[in-house]
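Peer 1: A structural model of the following input is requested.
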Amino acid sequence: MAARFTCAEGAPIVVGFLGSQAPPRSNSAEGGAIVEGFRDNGLIYGRDYVFEERFTGGDDDRFPTFAYELAQKNARIIMTNPVTWI
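Peer 2: Modelled structure (predicted):
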């Protein structure tokens, strides 16, 4: 059985996601794969973790601001998608 993945207070931990494009559709494969992987390891959304998402919409100058916001929300994990720099 997987260990509980919660804060000391028993509240779910915050998992941040910082993306460079628009938010994925709710039925997208990307988001579903993450939730499925957590579920396969005994983690339940809302009980063990919650998501905080930020998307730059292509304006990658917003990354630092959004990263700061996620840190202020006490995100224990921040996942990102690759950004292509030209």
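Peer 1: residues contacting Val15?
Peer 2: Counting by CB atoms under 8 Å, 6 or more residues apart in numbering, Val15 touches 49-52, 75-79. All C-beta atoms are positioned from the backbone trio N, CA, C, and that covers glycine.
Peer 1: for it, give me phi and psi.
Peer 2: phi -110, psi 120 (degrees, to the nearest 10).
Peer 1: emit the ChimeraX select command for whichever of the contacts of Val15 are buried.
Peer 2: Burial among those is assessed by 16 or more other CB atoms under 10 Å; the matching ChimeraX selection reads:
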select :49,51,52,75,78
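Peer 1: so what's Tyr45 bridging to?
Peer 2: Beta-bridge pairing of Tyr45, defined through DSSP bridges, involves Tyr49.
Peer 1: I figured it hits Phe38, correct?
Peer 2: Yes: applying CB atoms under 8 Å as the test, Tyr45 and Phe38 come out as touching, 7.2 Å apart.
Peer 1: neighbour-wise, which of the two wins?
Peer 2: Just comparing Tyr45 and Phe38: by other CB atoms under 10 Å the higher neighbour count belongs to Phe38, 17 against 14.
Peer 1: element containing the more buried one?
Peer 2: Per DSSP states H and E: Phe38 is located in helix 29-40.
Peer 1: no further questions, thank you.
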